[in-house]
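Novice: Using only what follows, build the 3D model:
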Amino acid sequence: MPTVQEVRKLLEERGAVLLAHNYQRPEVQDAAHFVGDSLELSLKAAEVDAKIVVFAGVDFMAEQAAFLNPEKVVLHPEPLSRCPMAAMLTPEVVKEYKEKYPGAPLVVYVNSLAEVKAMADYVVTSANAVALVSQLDADTILFGPDRHLAEYVAERTGKSVVPLPELGHCPVHLAITPSDVERAKREHPAARVLAHPECVRAVRAMADFVGSTSQMVRAARELGAREYVVATEVGLLHRLAKLGVEAYPASPYAVCPDMKKITLESVARAVLEGREVVRVDPKIAEKARRAVERAFELLGVSAPWRRS
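Specialist: Numbering: from 1, shown residues only. Here you go, the predicted structure:
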């Protein structure tokens, strides 16, 4: 198994940049040039000079980095690292709901595959979903694939947000229960609770702050507590620890096996062999990119790849 230093040296020799999601193994995060959430990293890929981008994350993340940065070579170290929630929303399901709710805008969570993003009106993150939906001139919104995030958006906007599919979810966040949070709070009574909106409503209701992984990182700095209980995948704890934040998992079992499939060895192999190149059909890529851009435009933000 190569060391962090060896992987960094290899990346530099090959002119490659390593992007790692907050849920990656600690050593993969340590080897990365940038650590963050999925869209944040895709945008970072647009800003760096490197022509080779190694994306340590699940399939939809690497795919997104590829269609947002068509001039770069994007490598996904482990093709079997896939998001089960993203796989729950297929083009067939989208067509079914569009026929059932004609005229309703389709807002797709970034945790979805490119072919689904290509069918969307807007692509959002857990960080900006509420802001975007609140600005839509429609009372009924189609939202997929996470029903808990859809529920959270409905609570915050007062709109009718229809989840598609009906039971779409993240298995890791679904497994975090109120009793987990209660136990963690008993063990750390002074801790504030940070929760991801993919958690169930009862867990979100127990949180002092609800937000995306990057928003939770910022909140941990700004809330000023000595300790935090974190209701999300345990990989975020490593990043918080490196920032000097004392944090504990709501559940030590909140582990995404697909995220953990990527290792330093698979990163090194991808760089050395130049295999596992992520390719997206150009027509799908263009439509998916436009759905992301429309969200940026509605929120008054300039997409990095459109900036002169």
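
Novice: show me what contacts residue 161?
Specialist: 133, 141, 143, 150-151, 153-154 (C-beta atoms under 8 Å, 6 or more residues apart in numbering). Backbone N, C-alpha and C define where each C-beta goes, glycine included.

Novice: top of those residues by neighbour count?
Specialist: Using other C-beta atoms under 10 Å as the neighbour criterion, residue 143 leads those with 29 neighbours.

Novice: Settle this for me: it is touching residue 163, isn't it.
Specialist: Yes: using C-beta atoms under 8 Å, residue 143 is in contact with residue 163, at 6.0 Å.

Novice: joint contacts of those two?
Specialist: With C-beta under 8 Å, 6+ apart as the test, residue 143 and residue 163 both reach residue 150.

Novice: And the residue nearest the centre of the chain, how far from residue 241?
Specialist: Nearest to the mean C-alpha position of the chain, counting by C-alpha atoms, centre = their mean, stands residue 38 at 4.0 Å. Remark: distance between residue 38 and residue 241 (C-beta to C-beta, to the nearest Å) = 21 Å.

Novice: would you list every one of the strands in this protein?
Specialist: Secondary structure of the chain (DSSP state E): strands located at 16-21, 34-36, 52-56, 73-75, 106-109, 122-124, 140-144, 160-163, 192-195, 209-210, 227-231, 246-249.

Novice: buried set for the second one?
Specialist: In other words, strand 34-36. The neighbour-count check on strand 34-36 (16 or more other C-beta atoms under 10 Å) flags 35-36 as buried.

Novice: now the fourth one
Specialist: Taking 16+ other C-beta under 10 Å as the neighbour-count basis, strand 73-75 is seen to contain the buried residues 74-75.

Novice: Report the rounded mean pLDDT for it.
Specialist: Averaged across strand 73-75, the pLDDT comes to 96.

Novice: okay, the angle between the worst-scoring helix or strand of the chain on mean pLDDT and strand 16-21?
Specialist: Using mean pLDDT, DSSP states H and E, the weakest-scoring helix or strand in the chain turns out to be helix 38-47, at a mean of 84. Counting by axes from the mean of the first three to the mean of the last three C-alpha atoms, to 10 degrees, helix 38-47 points 160 degrees away from the direction of strand 16-21.

Novice: Please name every helix or strand in contact with helix 38-47.
Specialist: strand 16-21, strand 34-36, strand 52-56, helix 59-68 (3 or more C-beta pairs under 8 Å, 6 or more residues apart in numbering; DSSP states H and E).

Novice: And for it, what's in contact with it?
Specialist: Counting by C-beta under 8 Å, 6+ apart, 17, 19-21, 34, 36, 53, 55, 57, 60-61, 64-65, 68-69, 72, 74, 110-111, 125, 214, 292, 304-305 sit against helix 38-47.

Novice: Repeat that for stretch 66-78.
Specialist: By C-beta under 8 Å, 6+ apart, stretch 66-78 touches 16, 42-43, 45-46, 50-56, 59, 62-63, 65, 114, 261-263, 266-267, 269-271, 274-280, 282, 284-285, 288-289, 292, 305.

Novice: again with stretch 94-110
Specialist: In contact with stretch 94-110 (C-beta under 8 Å, 6+ apart) are residues 38-39, 60, 64, 89, 116-117, 119-126, 129, 132-133, 136, 138, 140-146, 149, 162, 164, 291.

Novice: same check, this time on stretch 181-190
Specialist: Contacts of stretch 181-190 (C-beta under 8 Å, 6+ apart): 191, 193, 195, 203, 206-207, 225-227, 229, 231, 248-251.
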